[in-house]
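Any chance you can model this:
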Amino acid sequence: MKKQQIICKIIIYLCLFIGCPKIFSQTSKDSITQKVADTTVFKKPEKLKFGCGFGINFVGGTNINVSPNLTYIISDKIEVGGGLQGSYAAIKNLQNTTTFGANVLGRYNPVKKLTTLLEFSELRVITKIDTPTEKSTDSYWDSALFAGAGYNITSKISVGAKYNFLYKEGRSVYTSPVIPFVNISF
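Numbers count the residues shown, from 1 in each chain. Next up, the predicted model:
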(Lines give C-alpha, C1' and ligand atoms only; values in the text may rest on other atoms or scores of the structure.)
Protein backbone atom coordinates (compact mmCIF):
# COMPACT_ATOMS: atom_id res chain seq x y z
CA MET A 1 0.00 0.00 0.00
CA LYS A 2 2.77 2.33 0.84
CA LYS A 3 4.33 1.70 -2.57
CA GLN A 4 1.08 2.64 -4.29
CA GLN A 5 0.86 5.91 -2.36
CA ILE A 6 4.43 6.81 -3.29
CA ILE A 7 3.80 5.98 -6.97
CA CYS A 8 0.55 8.07 -6.90
CA LYS A 9 2.40 11.02 -5.37
CA ILE A 10 5.18 10.75 -8.00
CA ILE A 11 2.59 10.64 -10.81
CA ILE A 12 0.74 13.66 -9.35
CA TYR A 13 3.98 15.63 -8.96
CA LEU A 14 5.06 14.73 -12.51
CA CYS A 15 1.68 15.81 -13.91
CA LEU A 16 1.86 19.08 -12.01
CA PHE A 17 5.48 19.65 -13.08
CA ILE A 18 4.83 18.90 -16.75
CA GLY A 19 1.34 20.42 -17.00
CA CYS A 20 1.89 23.58 -14.99
CA PRO A 21 5.37 25.03 -15.58
CA LYS A 22 4.21 28.50 -14.50
CA ILE A 23 3.77 27.26 -10.96
CA PHE A 24 7.50 26.59 -10.73
CA SER A 25 8.59 29.63 -12.76
CA GLN A 26 10.26 32.59 -11.07
CA THR A 27 9.02 34.96 -13.80
CA SER A 28 5.46 36.15 -13.80
CA LYS A 29 3.45 37.31 -16.79
CA ASP A 30 3.47 40.87 -15.43
CA SER A 31 7.27 41.00 -15.20
CA ILE A 32 7.61 39.71 -18.78
CA THR A 33 5.18 42.34 -20.03
CA GLN A 34 7.02 45.01 -18.06
CA LYS A 35 10.37 44.04 -19.56
CA VAL A 36 8.96 44.16 -23.08
CA ALA A 37 7.39 47.54 -22.40
CA ASP A 38 10.70 48.92 -21.07
CA THR A 39 12.68 47.80 -24.14
CA THR A 40 13.19 50.61 -26.66
CA VAL A 41 14.19 49.75 -30.22
CA PHE A 42 16.18 52.41 -32.04
CA LYS A 43 16.11 52.17 -35.83
CA LYS A 44 19.36 53.34 -37.37
CA PRO A 45 18.74 55.60 -40.37
CA GLU A 46 19.81 54.22 -43.74
CA LYS A 47 22.86 56.04 -45.11
CA LEU A 48 23.03 54.30 -48.50
CA LYS A 49 20.33 54.70 -51.10
CA PHE A 50 20.06 52.69 -54.29
CA GLY A 51 18.45 54.40 -57.26
CA CYS A 52 17.87 53.70 -60.91
CA GLY A 53 17.34 56.13 -63.76
CA PHE A 54 15.83 54.83 -66.95
CA GLY A 55 14.54 55.93 -70.29
CA ILE A 56 12.80 54.31 -73.22
CA ASN A 57 11.76 55.79 -76.55
CA PHE A 58 10.51 54.26 -79.80
CA VAL A 59 10.00 57.46 -81.83
CA GLY A 60 12.16 57.36 -84.97
CA GLY A 61 13.90 54.18 -83.78
CA THR A 62 14.67 52.44 -80.52
CA ASN A 63 16.37 54.10 -77.56
CA ILE A 64 16.73 52.35 -74.20
CA ASN A 65 18.93 53.42 -71.30
CA VAL A 66 19.44 52.30 -67.72
CA SER A 67 21.60 53.95 -65.09
CA PRO A 68 21.68 52.40 -61.61
CA ASN A 69 23.35 54.47 -58.90
CA LEU A 70 24.28 54.28 -55.25
CA THR A 71 24.34 57.42 -53.13
CA TYR A 72 25.54 58.11 -49.62
CA ILE A 73 23.29 60.39 -47.58
CA ILE A 74 25.46 62.98 -45.83
CA SER A 75 22.52 64.93 -44.39
CA ASP A 76 18.81 65.33 -45.08
CA LYS A 77 19.75 67.78 -47.87
CA ILE A 78 23.00 66.42 -49.39
CA GLU A 79 23.81 63.12 -51.14
CA VAL A 80 26.92 62.04 -53.07
CA GLY A 81 27.44 58.89 -55.08
CA GLY A 82 28.19 57.18 -58.32
CA GLY A 83 26.74 54.80 -60.79
CA LEU A 84 26.90 52.93 -64.04
CA GLN A 85 25.25 53.82 -67.33
CA GLY A 86 24.31 51.83 -70.36
CA SER A 87 22.21 52.56 -73.41
CA TYR A 88 21.28 51.25 -76.81
CA ALA A 89 19.94 53.39 -79.65
CA ALA A 90 19.08 52.10 -83.12
CA ILE A 91 17.56 53.31 -86.35
CA LYS A 92 16.35 50.21 -88.18
CA ASN A 93 18.62 49.05 -91.03
CA LEU A 94 20.80 52.16 -90.70
CA GLN A 95 22.69 52.67 -87.45
CA ASN A 96 22.97 51.45 -83.88
CA THR A 97 24.86 52.96 -80.98
CA THR A 98 25.82 51.27 -77.73
CA THR A 99 27.18 53.21 -74.76
CA PHE A 100 28.47 52.15 -71.37
CA GLY A 101 30.31 53.99 -68.65
CA ALA A 102 30.24 55.45 -65.17
CA ASN A 103 29.25 58.64 -63.44
CA VAL A 104 29.72 60.54 -60.18
CA LEU A 105 26.98 62.74 -58.85
CA GLY A 106 25.95 65.06 -56.08
CA ARG A 107 22.41 66.01 -55.11
CA TYR A 108 21.22 68.90 -53.01
CA ASN A 109 17.63 69.23 -51.77
CA PRO A 110 17.09 72.88 -50.78
CA VAL A 111 13.43 72.12 -49.99
CA LYS A 112 11.54 68.85 -49.65
CA LYS A 113 9.99 68.89 -53.16
CA LEU A 114 13.05 70.14 -55.11
CA THR A 115 16.23 68.25 -56.07
CA THR A 116 19.22 69.87 -57.73
CA LEU A 117 22.05 67.79 -59.11
CA LEU A 118 25.55 67.99 -60.50
CA GLU A 119 26.79 64.96 -62.44
CA PHE A 120 29.85 64.02 -64.45
CA SER A 121 29.78 60.96 -66.71
CA GLU A 122 32.29 59.28 -68.97
CA LEU A 123 30.88 56.99 -71.65
CA ARG A 124 32.39 54.64 -74.18
CA VAL A 125 30.43 55.06 -77.42
CA ILE A 126 30.38 52.45 -80.18
CA THR A 127 28.44 53.37 -83.33
CA LYS A 128 27.86 50.98 -86.22
CA ILE A 129 26.55 52.23 -89.55
CA ASP A 130 25.29 49.57 -91.92
CA THR A 131 23.74 50.75 -95.18
CA PRO A 132 23.88 49.23 -98.67
CA THR A 133 26.59 51.77 -99.60
CA GLU A 134 28.50 52.09 -96.32
CA LYS A 135 29.61 49.89 -93.43
CA SER A 136 31.64 51.47 -90.66
CA THR A 137 32.28 51.37 -86.94
CA ASP A 138 33.28 54.35 -84.84
CA SER A 139 34.20 54.19 -81.16
CA TYR A 140 35.23 57.02 -78.85
CA TRP A 141 34.87 58.38 -75.31
CA ASP A 142 32.23 61.03 -74.59
CA SER A 143 32.24 63.18 -71.44
CA ALA A 144 29.23 64.97 -70.05
CA LEU A 145 28.89 67.50 -67.23
CA PHE A 146 25.26 67.91 -66.18
CA ALA A 147 23.56 70.40 -63.90
CA GLY A 148 19.86 69.97 -63.36
CA ALA A 149 16.81 70.19 -61.19
CA GLY A 150 13.87 67.95 -60.52
CA TYR A 151 10.58 67.72 -58.71
CA ASN A 152 10.29 65.08 -55.98
CA ILE A 153 6.91 63.45 -56.58
CA THR A 154 7.47 61.28 -53.50
CA SER A 155 10.54 60.67 -51.34
CA LYS A 156 11.53 57.91 -53.78
CA ILE A 157 10.55 59.29 -57.23
CA SER A 158 11.85 62.45 -58.90
CA VAL A 159 11.45 63.82 -62.42
CA GLY A 160 13.25 66.73 -64.02
CA ALA A 161 15.76 67.85 -66.61
CA LYS A 162 19.52 68.35 -66.74
CA TYR A 163 21.75 70.38 -69.04
CA ASN A 164 25.01 69.02 -70.55
CA PHE A 165 27.70 71.75 -70.52
CA LEU A 166 30.07 69.59 -72.61
CA TYR A 167 27.57 68.93 -75.41
CA LYS A 168 29.04 69.00 -78.95
CA GLU A 169 26.61 68.91 -81.85
CA GLY A 170 27.30 65.97 -84.15
CA ARG A 171 29.80 64.38 -81.77
CA SER A 172 27.90 63.97 -78.49
CA VAL A 173 26.06 60.73 -77.90
CA TYR A 174 23.13 62.80 -76.64
CA THR A 175 20.76 64.29 -79.22
CA SER A 176 20.29 67.48 -77.23
CA PRO A 177 22.09 69.33 -74.42
CA VAL A 178 18.88 69.16 -72.34
CA ILE A 179 18.04 65.67 -71.09
CA PRO A 180 14.88 64.80 -69.13
CA PHE A 181 15.28 62.28 -66.29
CA VAL A 182 13.25 60.02 -64.02
CA ASN A 183 14.97 58.62 -60.93
CA ILE A 184 13.53 55.98 -58.62
CA SER A 185 15.19 55.18 -55.28
CA PHE A 186 14.84 52.00 -53.26
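
Let me see the contact set for the residue nearest to the spatial centre of the chain.
Geometric centre of the chain, nearest residue: F50, 2.3 Å, by CA atoms, centre = their mean. If you count contacts by CB atoms under 8 Å, 6 or more residues apart in numbering, F50 has them with 68-70, 185-186. In short, each C-beta sits where N, CA and C put it, glycine included.

What residues of the helix or strand it falls within count as buried?
Using DSSP states H and E, F50 maps to strand 48-57. Buried residues in strand 48-57, counted by 16 or more other CB atoms under 10 Å: 49, 51, 53.

separation between the second one and G150?
In this view, G51 and G150 are 12 Å apart by CB to CB, to the nearest Å.

List the residues that are in contact with both of these two.
With CB under 8 Å, 6+ apart as the test, G51 and G150 both reach N183.

And the next helix or strand after the strand holding F50, what does it pack against?
Downstream of strand 48-57, the next assigned helix or strand under DSSP H and E is strand 62-73. Taking 3 or more CB pairs under 8 Å, 6 or more residues apart in numbering; DSSP states H and E as contact, the helices and strands that strand 62-73 lies on are strand 48-57, strand 78-91, strand 95-111.

Give the partner strands of the longest one in its sheet and their orientations.
Using DSSP bridges, the neighbouring strands of strand 95-111 in the sheet come out as strand 78-91 (antiparallel), strand 114-130 (antiparallel).

Out of those strands, flag the one nearest A161.
In terms of CB to CB, the element of the strands paired with strand 95-111 nearest to A161 is strand 114-130, at 10.4 Å.
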